[in-house]
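Student: curious how this folds, go ahead:
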Amino acid sequence: MRLKPIQKGGGGGTSGYSGFSGYSGGGSTIPVTNVIHVDNKRIDLYVADGSISKPFITIQAAINSISGSSSTNKFQINIAQGAFYPENITINKDFIIFVGEKFTRLTGDITLLDPASRIKFARLQLRGNFTAILPGESIVIDLEDCDAVSGKTWTITATNPSDYVYFSQNFQVYGGNWMANLVATNVTVAFYESGAKYYCTLDITGGPSGRSFYCDGGMFEAIIINLTNVARSFISAVTTMNEGDETVAVNLFGTTNLTADACFLGGATVTNSGTGTITLLTKSADIKNDSSVSGTSVKDAMNTLQKNIALMNPQVGTSYLLSLTDAGKTVTLTNGSPIAVTVPTNTLVPFLVGTIIDFIQGGVGKVTFSGAGVTIKSKASNLSIAAQNVKVSLIKEATNTWYLTGDLIP
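Tutor: Numbering: from 1, shown residues only. Predicted coordinates:
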């Protein structure tokens, strides 16, 4: 099972690092349009303009030179190979990728300020603290083939989180060595083929819709993972090393739900102190936990659940039966006549407990929810969306029990 909500790229050069893609194009590759060069080893006299022959001496000077960055006007800052950059940098521009080479090391602290919410780092050794406290709904911070040093802390917070755009707020790590502490709030955190190790702690707290934590491939060694109110936690093909005091501990708090597939082959301790569920799929039977484990032969529901890259599911008919592919999506319902939405039983469609599906009434046709053999809990037992352009949410509480929340009428 491989989860790639945003397309990963590779390579480099002045044409633009191909991994800088997908932030506004649903995963399509959009090359950068401007390249700026930085080299702090230059000691000759010249007037810096960011060209390859007249590079800036500092990264901050390169950032300050950027004007008009946007989804169609991206910037790449090429940082010279083999250099140490001790400066603290502040990034207050959007759509920038910072690209280094082997042994290019940034030892100062990095701060992201609004509107710098779509930023990528590639092939860099990041040795300082990192802080991003951003209000926007489109936070995307990518690290590809980067090392984060032990003893430092990365703090990433969305202060005004979206409650329905599931993949709009991402912190994603591809490859490299992750050894820093991570404190993430209201942001979806994903590690792809990149483990964490050496006594670091990952503290991840969910937002209004729970947010998410994904690990797909890689090795975890001597770390603590704390997940609080993270409705969707999915770990696939992850190996842990547990030798002596180098243990891996996963602690679940609040309404955190954890699904593990073909992973934790070295064994790990999972402690569920909240009200969420733990589900083990293929080859995960050696995981240790202190609570009941369900679904050792669960169907590929989670495989389908995680393929929610296409966030919107537009429907224009007068009736709709939910399917597994709706998990984590927003279903728009648009028609001039009344629309009936049917919630299936768990036998028919085995949604995982904790599944969240959002709905928007796009037309004047009144949308009403029902389900034979299913209990739908709502305020005053109202089951219809109040008006056009109103959003409501279904949240699965138990096997055949759902909450319906939002602006509802009889």
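Student: what sits against residue 343?
Tutor: Contact partners of residue 343, counting by CB atoms under 8 Å, 6 or more residues apart in numbering, are 322, 369, 370, 371, 374, 376, 394, 402. In this view, the C-beta of every residue, glycine as well, is placed from N, C-alpha and C.
Student: next up, the contacts around the residue nearest to it when sequence neighbours are not counted.
Tutor: Spatial nearest neighbour of residue 343, excluding adjacent residues (CB to CB, 6 or more residues apart in numbering): residue 371 at 3.5 Å. Going by CB under 8 Å, 6+ apart, residue 371 touches 342, 343, 344, 345, 402.
Student: next step: those restricted to strands.
Tutor: Per DSSP state E, strands hold the following members of these: 342, 402.
Student: mind putting the contacts of residue 371 in a markdown table, pLDDT included?
Tutor: Shown next, in a markdown table, are the contacts of residue 371 (pLDDT from 0 to 100):
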| residue | pLDDT |
| --- | --- |
| 342 | 96 |
| 343 | 96 |
| 344 | 94 |
| 345 | 93 |
| 402 | 94 |
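Student: which among the contacts of residue 371 count as buried?
Tutor: Neighbour-count burial (16 or more other CB atoms under 10 Å) applied to the contacts of residue 371 gives 343, 344, 402.
Student: tell me how far the second one lies from residue 320.
Tutor: According to CB to CB, to the nearest Å, residue 344 stands 11 Å off from residue 320.
Student: same check, this time on residue 253
Tutor: Residue 253 is 35 Å from residue 320, where distance means CB to CB.
Student: same question, residue 395
Tutor: Taking CB to CB as the measure, residue 395 falls 18 Å from residue 320.
Student: cool, and residue 347?
Tutor: 19 Å.
Student: same question, residue 41
Tutor: Residue 41 is 62 Å from residue 320, by CB to CB.
Student: once you drop chain neighbours, what's closest to the spatially most central residue of the chain?
Tutor: Closest residue to the average C-alpha location of the chain: residue 188 at 3.0 Å, with CA atoms, centre = their mean. Counting by CB to CB, 6+ apart, residue 188 lies nearest to residue 212, which is 4.3 Å off, once chain neighbours are set aside.
Student: list the contacts of residue 206.
Tutor: Contacts of residue 206 by CB under 8 Å, 6+ apart are 186, 212, 228, 229, 230, 231, 254, 255, 256.
Student: the same query, at a cut-off of 7 Å, please.
Tutor: Taking CB atoms under 7 Å, 6 or more residues apart in numbering, we find residue 206 in contact with 228, 229, 230, 231.
Student: next: residue 204.
Tutor: With contact set as CB under 7 Å, 6+ apart, residue 204 has these partners: 184, 189, 213, 226, 227, 230.
Student: contacts only, for residue 273.
Tutor: Per CB under 7 Å, 6+ apart, neighbours of residue 273: 251, 252, 253.
Student: sorry, slip of the keys, the one I care about is residue 182.
Tutor: By CB under 7 Å, 6+ apart, the residues touching residue 182 are 154, 202, 203.
Student: what distance do you get for it to residue 382?
Tutor: For residue 182, the distance to residue 382 - CB to CB - is 41 Å.
Student: endpoints of stretch 259-272, how far apart?
Tutor: Using CA to CA, to the nearest Å, the span of stretch 259-272 from its first residue to its last is 12 Å.
Student: what is the neighbour count of residue 183?
Tutor: When neighbours are defined as other CB atoms under 10 Å, residue 183 has 16 of them.
Student: does it have beta-bridge partners, and which?
Tutor: For residue 183, the beta-bridge partners under DSSP bridges are residue 155, residue 203.
Student: ditto for the one 5 residues further on
Tutor: When assigned by DSSP bridges, residue 188 has beta-bridge partners residue 170.
Student: what about the stretch 201-350 of the chain, any weak spots by pLDDT?
Tutor: 207-211, 217-219, 222, 236-247, 261-268, 279-311 (pLDDT under 70).
Student: returning to that earlier point: quick one: which of residue 41 and residue 320 has more around it?
Tutor: For the pair residue 41 and residue 320, the greater number of neighbours falls to residue 320 (19 against 11), based on other CB under 10 Å.
Student: circling back to that earlier point, for the contacts of residue 273, pick the one with the most neighbours.
Tutor: So for those (other CB under 10 Å), the most neighbours sit at residue 252, 26 neighbours.
Student: and it, what element?
Tutor: strand 248-253 (DSSP states H and E).
Student: which helices and strands sit right next to the helix or strand following that strand?
Tutor: Following strand 248-253 in sequence order, the next helix or strand is strand 258-261 (DSSP H and E). Where contact means 3 or more CB pairs under 7 Å, 6 or more residues apart in numbering; DSSP states H and E, strand 258-261 is packed against strand 232-236, strand 278-280.
Student: apply 10 Å and report the result again.
Tutor: strand 212-216, strand 232-236, strand 248-253, strand 269-272, strand 278-280, helix 301-305 (3 or more CB pairs under 10 Å, 6 or more residues apart in numbering; DSSP states H and E).
Student: so what are the sheet partners of the first one and their directions?
Tutor: Within its sheet, and counting by DSSP bridges, strand 212-216 is paired with strand 188-192 (parallel), strand 232-236 (parallel).
Student: TSV for these, including distance to residue 132?
Tutor: TSV is the format used below for these (distance: least, CB to CB, whole Å):
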stretch	distance to residue 132
strand 188-192	13
strand 232-236	22
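Student: most tightly packed of the ones you listed?
Tutor: strand 232-236 (a mean of 26; mean count of other CB atoms under 10 Å).
Student: what's the angle between that one and strand 248-253?
Tutor: Using axes from the mean of the first three to the mean of the last three CA atoms, to 10 degrees, the inter-axis angle of strand 232-236 relative to strand 248-253 is 160 degrees.
Student: send over strand 232-236 as PDB, restricted to the C-alpha atoms.
Tutor: Taking C-alpha atoms only, strand 232-236 is exported to PDB below (Å, rounded to 0.1, in the frame of the first residue of the first chain):
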ATOM      1  CA  ARG A 232      -6.900   8.900  10.700                       C
ATOM      2  CA  SER A 233      -3.600   7.400  11.600                       C
ATOM      3  CA  PHE A 234      -2.200   5.000   9.100                       C
ATOM      4  CA  ILE A 235       1.200   3.200   9.200                       C
ATOM      5  CA  SER A 236       2.200   0.900   6.300                       C
END
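Student: count the residues that sit near the closest residue to residue 73 other than its chain neighbours.
Tutor: In this structure, residue 73 finds its nearest non-sequential neighbour in residue 33, 5.5 Å apart by CB to CB, 6+ apart. When neighbours are defined as other CB under 10 Å, residue 33 has 14 of them.
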